[in-house]
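# Make a model of this:
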Amino acid sequence: MAVARGGFRIVLLLRLASIVPFAPLSYALGASRVSFRDFVLASWLGLLPGTFLYVYVGSLASSVSVILNGQAPAGHAAGLLSWMGLAVAPLALLTITYYARKEINQSIERELKHEQTI
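Residues are numbered from 1 along each chain as shown. Coordinates of the predicted model:
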């Protein structure tokens, strides 16, 4: 019922939070009454932060390997920015996950209260 009423929002939060593995969540959402448009758009938007994190970390792989091998990076500023970015990217993802889970739990509580009043 909650997915049918707040489909886009619920799907977006579930994709951001990564609480349930991707495939089982997709099957469950496919069996729900969420519209196809809401499912596709919310999934796309919800998966973007994680995708950016993976791409960013992958782009840093060569810089980090150069630094770990003791070779000087292209510049000290580049090395510093690489390490800072490597530290901040997972922190940003964890923050998004925390708030998404919090919102999902609040949404579930609201739905349970709504069902109890009926």
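
# distance of the residue nearest to the spatial centre of the chain from Leu68?
Most central in the chain under C-alpha atoms, centre = their mean is Leu16, positioned 3.1 Å from the mean C-alpha point. Note on Leu16: its distance to Leu68, by C-beta to C-beta, to the nearest Å, is 32 Å. C-beta: built from backbone N, CA, C; applies to glycine.

# and the residue nearest to the centre of the chain, what element?
Assigned by DSSP states H and E, Leu16 belongs to helix 7-17.

# any idea how far that helix is from the chain center?
Here the centre of helix 7-17 is set off from its chain's centre by 9 Å, with C-alpha atoms, centre = their mean, to the nearest Å.

# Helix, strand or coil: sort out Cys19 for me.
Actually, residue 19 is Ile. It isn't Cys. At Ile19 the chain is in coil, as set by DSSP: H, G, I helix; E, B strand; the rest coil.

# Specify the angle between the lengthiest helix in the chain and helix 7-17 in degrees.
Ranked by residue count and defined by DSSP state H, the top helix of the chain is helix 76-117. If you take axes from the mean of the first three to the mean of the last three C-alpha atoms, to 10 degrees, helix 76-117 sits at 130 degrees to helix 7-17.
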